[in-house]
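K.L.:
quick one: sequence and predicted model below, then my questions.
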Amino acid sequence: MPIDWEPIWLTLRLASITTLLLLIIGLPLAGWLALSRFRLKPVVEAIISLPLVLPPSVVGFYLLLAFSPTGGLGGWLLRTVNVQLVFSFEGLVVASLLYSLPFMIHPIQAGLENLPASWREASYTLGQSPTRTLWRVLLPNCKPALLTGIVLSFAHTIGEFGLVMMIGGNLPGQTRVASIAIYDEVELLHFETAHTYAALLLGLSFAILLLVYGINKRVTV
Amino acid sequence: MPIDWEPIWLTLRLASITTLLLLIIGLPLAGWLALSRFRLKPVVEAIISLPLVLPPSVVGFYLLLAFSPTGGLGGWLLRTVNVQLVFSFEGLVVASLLYSLPFMIHPIQAGLENLPASWREASYTLGQSPTRTLWRVLLPNCKPALLTGIVLSFAHTIGEFGLVMMIGGNLPGQTRVASIAIYDEVELLHFETAHTYAALLLGLSFAILLLVYGINKRVTV
Amino acid sequence: AVAANAQFVMEELRNAFQKKTGITVESIVNSSGKLTTQIQQGAPYDVFLSADMAYPTTLHEQGLTTAAPVVYAYGSLVLWTLGEFPLSTDLKGLLNGNIRHVAIANPATAPYGEAAVSLLKYTKLLEKVQPKIVYGESIAQVNQYVLTGSAEVGFTAKSVVIDPSLKGKGHWIDLPAKGYSPIAQGVVILKRTSQLKAAEQFTAFLGSPAARRILQQFGYRTTKS
Amino acid sequence: MIHIDITMPRLFAEGTGALQLQVALAPGSLTAVVGPSGSGKTTLLRVLAGLETPPTGRIDSNGTSWFDTSQRINLSPQQRSIGYVFQDTALFPNMSVRENIQYAAPSGQRQLADELIDATGLNSFINKKPTVLSGGQRQRVALARALVRRPQLLLLDEPFAALDPAAAQTLRQVLLDLHRTWGTTTLLVSHHDIDVQALADRVIRLVQGQIQADYRTEVGSSATFPRERIRRIDFEETHHQWVIETETTELRSTNPAWGQLKIGDLIEISWTPKAL
Amino acid sequence: MIHIDITMPRLFAEGTGALQLQVALAPGSLTAVVGPSGSGKTTLLRVLAGLETPPTGRIDSNGTSWFDTSQRINLSPQQRSIGYVFQDTALFPNMSVRENIQYAAPSGQRQLADELIDATGLNSFINKKPTVLSGGQRQRVALARALVRRPQLLLLDEPFAALDPAAAQTLRQVLLDLHRTWGTTTLLVSHHDIDVQALADRVIRLVQGQIQADYRTEVGSSATFPRERIRRIDFEETHHQWVIETETTELRSTNPAWGQLKIGDLIEISWTPKAL
Ligand SMILES: Nc1ncnc2c1ncn2[C@@H]1O[C@H](COP(=O)(O)OP(=O)(O)OP(=O)(O)O)[C@@H](O)[C@H]1O
Ligand SMILES: Nc1ncnc2c1ncn2[C@@H]1O[C@H](COP(=O)(O)OP(=O)(O)OP(=O)(O)O)[C@@H](O)[C@H]1O
Ligand SMILES: [Mg+2]
Ligand SMILES: [Mg+2]
């Protein structure tokens, strides 16, 4: 049986882009949460974790409501920037971002909070802004936490399926990622094909994770 | 419309038990990963994250194969301890454990790795075993990381659905957790009921998370 | 165990059956494929109402059922929209430029999707409509696409659109049964059942006039044409 | 002129109390803060740096208000032109020695960074990470780092504690030279009389958060007694005393401990004023 | 008797080299290790504690082999009956002072923990967390904690560096008393001659990882010159010299710096042997 590689590449692309964007969004947000003494911080922390407690397909349903061209946000986006979030790769990225956010934020925030206060203080007394302190001093010193954030986000995005299925519409080459392809094969009781896909996905992911952990070990030792 | 509270309690029970068991399994495992200098550590680390990269329903499918009474493991369990893991609450717990394991392990391991080496060394020179060092010195000093592990595992177990649906079989009072109940209502296009369930689940989870974060703030300040 | 598309009618059938026999029925809803896998692994279900014949036939061939599957109804396909688009049975309306997305169930896994595709082929519109098609995991997801406005039109089951809770939500038309083969809904009793008698009573009930009336109310046909 | 007038509640060894002081530091002065462990020396530095906020008080540097509870002014540490050498050095583990020092250097000031590396004897280590440095090496990096921005006020928390006498002497000289060149107002926390001798022109003694003594010393190194080698050592039987001679000093003592000394040994005399 | 014979490659200020030494420590002895910053003092303590593993060598304590590369013996730190006071104290932030000290106390030895808390003057702080302690207070907790298990070998890395002279003196006395009572073999890294004077019966001087000098001093405190108050201070015009008199000593010097001293000031004389 010939293997369709497209869903696998699509998945890796989705996971890479999502993880990258999550890093860009997540690092400042985690930094802010770790450094600020804002009184309502526990509320923000709780809100970030909330999407997790709903089943992905239900979150997908609500996103569908929000993103659909007749919905407020979706209509506005369509009119102003001509971006359509339902049934498109962009939509998958946005949905994955939202859903994987806690996996990026929480580990990094925890890592930052565990660093000795004197590093931050030393950087401040050296006239450096909290932002520069975050990038140059604090984040580079919590590599294990960063790694955790990256690995969890990446892996979780690869495996995410309910959400992607709902928002994406299973379009080959656009939104038909590997998790959906496997799912379809299982539904069809084509277990052989499903096994092959699963093995491929596992193998690739294992290789990527091993690489990441291996590099991490090299860097930190 | 009367609300069926059973799925919600079932969910909270499942999430609490899973989180508790994950703590019991996860703390020593994370400690071992953080402290040992085992050469194949990256392999173990990668393996722990692997279940994540498969769609939950597919993991569920493989677990079904493994747990089913006709399968090797399932049959053995049934014969020796008379426990049946498919279509039972116990099965859900085992499946959730497996799937949420990385959310517990990774943050805690990262937290431990970020602690100053001298604490561990000081404890060793005081004649204390690695185990006692872990429990009395290291873990109490990475509370933010512990919190992250607990919150991510708990929230993720509440929202998990594909796996639970596959392994659990949607049996009321036994395996019909809230995520499945909401899913069913959405599928039935009973949006009102779905909204109510979702709001309830969100509200409860929000309260729990807020409590956790609030307490954490109290404790660490 | 009930396939996702039959869940609306199932509630009604369940009530009627219970009134008649006093036996309570618990329905477990999931996709036909997943239910089939679960049954293969020993799920504790008694009767399986599938959305097609293929899955129950597979189960029968594996010796997991008491008898070959019986058709208890035929589903029929409708075209549904929430917008103002004119719908016609020749499906030409789908070419309207304001229609960006046409939702159908995954033809590989869902019989209603398969039917929709064969209808599109029959009307020779498949190639032109293809770029607009989005696939739902099942009929249920197609319904959600249509209801949220994500897809302007969708092919769904008649049983869905005539559900009272959806009254007044958009409009729909019946599609001619010429272009697709009616969607046979099979039922089987599972060998592992502990309540063989009740199960048999229930399958018998499905063929009774009372059940047929309910099925027809929900847009099913009880004969092939 | 730096005016300080603060009250900061703290728990001291003797019970709850407050760090409470009014001090004016002359421009270019080098003031030593001495006092027993836990008397509030580090707290004072932290308050000046803006790392702790006292409930009431005022800090004013050359006419700029850094902190004033009555006017609700509280400049951040970044806005206060300070250099701070932490008691635990607080070096950044991810950066090499050079990077630690250059981290805060204004882009035009690379040369100063290099000079400081030279002056602190860190040349062989510029590319090493702080974790492989010895305690004393770390302290030197911290000092160089704090000086690289030419702060208005330099705060030093026991910078010589982890240095051996020779290294400390070198560093004291660096500090003194830099201090003379730029006239940075400096506050030095130290336990060691020799630092006070060699560096400070004023000594403030804190006890339980209060100033117990505040006096001027002769400026700088002229006040120290250089180490000198013993040229002669004899026991004078008549007076039962040891006679020790160095280049500038003759010493006679009945303390038998002097018997251990040999010609060529170095002696060093330090002193503590009566008031302390 | 503790026999040490190790080689451990390290980078020193002067380039790559190795910590290389052969030493035998007599039971109950108190040996001071001195030497410039980065000379390998901390590394030596870490190797003895089992926190670093040299590529070749042998450590043997009272007949028990702790480490022997030829026999592939390498006891873990836990198995080595040691007490270690880290240069950075390494107190556990989650535990109060009392808990830090009791953490390692054998269950029957609560009393010893309490005695140590008394002796180190930590009574007012027993329920405080280390983060709110001053540097000196922390150092005292670390010392008490290391002593609570009555180790065979006590390793001290600059335990007095952060203490003011009075507190250091108190603690030195505690240490000396404990050392006399139990005769724990002790290795003390220090930069301060006064520690060496007051405590050590032997001094090993490391330079670039090699023993540069190794000599005995008179045992214990008899070897120190006590601080003494100035009783008389005069300038003798004839010889152009200052004459200073204390209880045991008379000092004559042409150094003009003496002019600053007043009657009642304390003076203290420390010395460094020629060999260093
Ligand atoms: N964050 C804090 N909260 C409350 N009390 C504190 C805090 N930090 C320090 N203290 C207390 O304030 C007092 C002064 O501490 P400080 O660190 O200023 O002393 P110090 O003079 O620097 O001592 P040392 O010479 O030992 O470093 C101490 O008794 C200490 O217990
Ligand atoms: N983990 C390490 N790996 C490699 N080299 C190291 C490591 N730790 C220390 N060194 C180097 O070994 C040398 C000896 O360091 P050590 O800490 O033993 O010095 P020290 O005598 O204790 O100095 P100080 O008095 O300043 O504390 C130093 O030059 C240091 O750079
Ligand atoms: Mg201090
Ligand atoms: Mg050292």
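P.N.:
Thanks, I have it. Ligands and ions are numbered 1, 2, ... in the order given.
K.L.:
and D:D214, that one's in a strand?
P.N.:
Yes. Using DSSP: H, G, I helix; E, B strand; the rest coil, the assignment for D:D214 is a strand.
K.L.:
kindly state the beta-bridge partners for it.
P.N.:
D:I204 (DSSP bridges).
K.L.:
now do the same contact list for it.
P.N.:
D:23, D:202-205 (Cβ atoms under 8 Å, 6 or more residues apart in numbering or on different chains). To be clear about C-beta, it is placed using only N, CA and C from the backbone, and glycine gets the same treatment.
K.L.:
from the residues you listed, pick the one nearest E:I263.
P.N.:
D:V203 (18.4 Å; Cβ to Cβ).
K.L.:
how many residues are close by that closest one?
P.N.:
By the criterion of other Cβ atoms under 10 Å in any protein chain shown, D:V203 has 23 neighbours.
K.L.:
now render the contacts of D:D214 as a markdown table, adding pLDDT.
P.N.:
Formatted as a markdown table, the contacts of D:D214 follow (pLDDT from 0 to 100):
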| residue | pLDDT |
| --- | --- |
| D:V23 | 91 |
| D:R202 | 88 |
| D:V203 | 87 |
| D:I204 | 90 |
| D:R205 | 87 |
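K.L.:
check contacts around C:A1.
P.N.:
Contacts of C:A1 by Cβ under 8 Å, 6+ apart are C:27-30, C:35, C:38-39, C:43, C:45, C:47-49.
K.L.:
excluding residues flanking it in the chain, which one is nearest it?
P.N.:
C:Y45 (4.2 Å; Cβ to Cβ, 6 or more residues apart in numbering or on different chains).
K.L.:
quick one: the one you found is in a strand?
P.N.:
No. In this structure, C:Y45 is coil, not part of a strand, as judged by three-state DSSP.
K.L.:
elements contacting the helix or strand encompassing C:Q7?
P.N.:
Assigned by DSSP states H and E, C:Q7 falls within helix C:7-21. Judged by 3 or more Cβ pairs under 8 Å, 6 or more residues apart in numbering or on different chains; DSSP states H and E, the packing partners of helix C:7-21 are helix C:158-161, helix C:196-206, helix C:209-217.
K.L.:
swap the cut-off to 10 Å and go again
P.N.:
strand C:2-3, strand C:29-30, strand C:47-49, strand C:70-75, helix C:158-161, helix C:196-206, helix C:209-217 (3 or more Cβ pairs under 10 Å, 6 or more residues apart in numbering or on different chains; DSSP states H and E).
K.L.:
and C:R192, how close does it get to ligand 3?
P.N.:
For C:R192, the distance to ligand 3 equals 76 Å [Cβ to the ion, to the nearest Å].
K.L.:
could you export stretch A:195-215 as CSV, CA atoms only?
P.N.:
Extracted C-alpha coordinates of stretch A:195-215, given in CSV (Å, rounded to 0.1, in the frame of the first residue of the first chain):
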residue,chain,number,x,y,z
HIS,A,195,-0.3,0.9,11.9
THR,A,196,2.0,2.1,9.2
TYR,A,197,1.0,5.7,9.6
ALA,A,198,1.2,5.5,13.4
ALA,A,199,4.6,3.9,13.2
LEU,A,200,5.9,6.5,10.8
LEU,A,201,4.6,9.4,13.0
LEU,A,202,6.0,7.8,16.1
GLY,A,203,9.3,7.1,14.4
LEU,A,204,9.7,10.7,13.1
SER,A,205,8.6,12.2,16.3
PHE,A,206,10.9,10.0,18.3
ALA,A,207,13.8,11.0,16.1
ILE,A,208,13.0,14.7,16.5
LEU,A,209,12.5,14.4,20.3
LEU,A,210,15.7,12.4,20.6
LEU,A,211,17.6,15.0,18.6
VAL,A,212,16.2,17.8,20.9
TYR,A,213,17.1,15.9,24.1
GLY,A,214,20.4,14.9,22.8
ILE,A,215,21.3,18.5,21.8
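K.L.:
pLDDT averaged over that stretch - what is it?
P.N.:
For stretch A:195-215, mean pLDDT is 83.
K.L.:
so is it next to chain B?
P.N.:
Yes. Applying Cβ under 10 Å from any Cβ of the partner chain, one finds stretch A:195-215 touching chain B at A:195, A:197-198, A:201-202, A:204-215.
K.L.:
flag every buried residue along that stretch.
P.N.:
Neighbour counts over stretch A:195-215 (16 or more other Cβ atoms under 10 Å in any protein chain shown) mark A:195, A:197-198, A:200-201, A:204-206, A:208-209, A:212-213 as buried.
K.L.:
any chance of the residues you listed in TSV, plus distance to ligand 2 and secondary structure?
P.N.:
Listed next are the buried residues of stretch A:195-215 as TSV, based on distance: Cβ to the nearest ligand atom, whole Å; DSSP: H, G, I helix; E, B strand; the rest coil:
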residue	distance to ligand 2	secondary structure
A:H195	48	helix
A:Y197	47	helix
A:A198	45	helix
A:L200	43	helix
A:L201	41	helix
A:L204	38	helix
A:S205	35	helix
A:F206	33	helix
A:I208	32	helix
A:L209	29	helix
A:V212	26	helix
A:Y213	23	helix
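K.L.:
now narrow these to whatever sits close to ligand 4.
P.N.:
The subset of the buried residues of stretch A:195-215 within reach of ligand 4, by Cβ under 5 Å from the ion, is empty.
K.L.:
return the closest of those residues with respect to chain E.
P.N.:
A:Y213 (24.9 Å; Cβ to the nearest Cβ).
K.L.:
quick check: that closest one touching A:K143?
P.N.:
No. The pair A:Y213 / A:K143 is not scored as a contact, 11.7 Å apart, by Cβ atoms under 10 Å.
K.L.:
buried sites along stretch C:187-203?
P.N.:
Quick answer for stretch C:187-203 (16+ other Cβ under 10 Å): C:187-190, C:193, C:198-200, C:202-203.
K.L.:
state the pair within these that is farthest apart.
P.N.:
Across the buried residues of stretch C:187-203 (Cβ to Cβ), the longest gap, 14.9 Å, separates C:V188 and C:A198.
K.L.:
stretch D:185-193 close to chain A?
P.N.:
No. If you take Cβ under 10 Å from any Cβ as the test, stretch D:185-193 misses chain A, and the best it gets is 13.1 Å.
K.L.:
and that stretch, does that touch ligand 3?
P.N.:
No. Against ligand 3, stretch D:185-193 shows no contacts by Cβ under 5 Å from the ion, the least distance being 6.3 Å.
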